[in-house]
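Visitor: this one's sequence-less:
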């Protein structure tokens, strides 16, 4: 059954009234379920119907990194964040807990050089993607 609120997500009822959750993105398919035997059964059925490679346990997908422990799955974007910092030459930038200083009075600078709008949009877009995930 296709999820009505998230594009590419499908839910399949399995034995014992459990759910198998699928996420399809172009040619990639992520399968999750708390019973490994049902995942293996589903993958076997898929291999009969489609040419498919099993890449094993999920570790990276669309810039998201996954660390699996015995109790949970942790998600982070450390690699992507580092790539953004390198791309925009910000690896040695200063850490700021708050991006805006309180009570800061802004003044107009008449002799400042113009901002590169394309570069600005690339930086903001990269940060939005990082935040949105």
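Guide: Looks like it arrived, so ask away. Remember, predicted model here, so these are calculated numbers, not experimental data.
Visitor: quick one: the helices in this structure?
Guide: 36-49, 78-87, 117-132 (DSSP state H).
Visitor: now tabulate the ones you listed in TSV and tack on distance to residue 93, mean pLDDT and mean neighbour count.
Guide: Any C-beta I mention is one placed from the backbone N, CA and C, and that applies to glycine too. Below are these laid out as TSV (distance: least, CB to CB, whole Å; pLDDT from 0 to 100; neighbours: other CB atoms under 10 Å):
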stretch	distance to residue 93	mean pLDDT	mean neighbour count
helix 36-49	43	86	12
helix 78-87	7	90	13
helix 117-132	12	87	11
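Visitor: now those in TSV, with distance to residue 1?
Guide: Output for the helices of the chain, formatted as TSV (distance: least, CB to CB, whole Å):
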stretch	distance to residue 1
helix 36-49	14
helix 78-87	32
helix 117-132	27
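Visitor: which one, of these, ends up nearest to residue 58?
Guide: helix 36-49 (11.5 Å; CB to CB).
Visitor: coming back round to it: closest to residue 95 out of the helices of the chain?
Guide: Among the helices of the chain, the nearest to residue 95 by CB to CB is helix 78-87 (11.6 Å).
Visitor: against which helices or strands is that closest one packed?
Guide: strand 64-68, helix 117-132 (3 or more CB pairs under 8 Å, 6 or more residues apart in numbering; DSSP states H and E).
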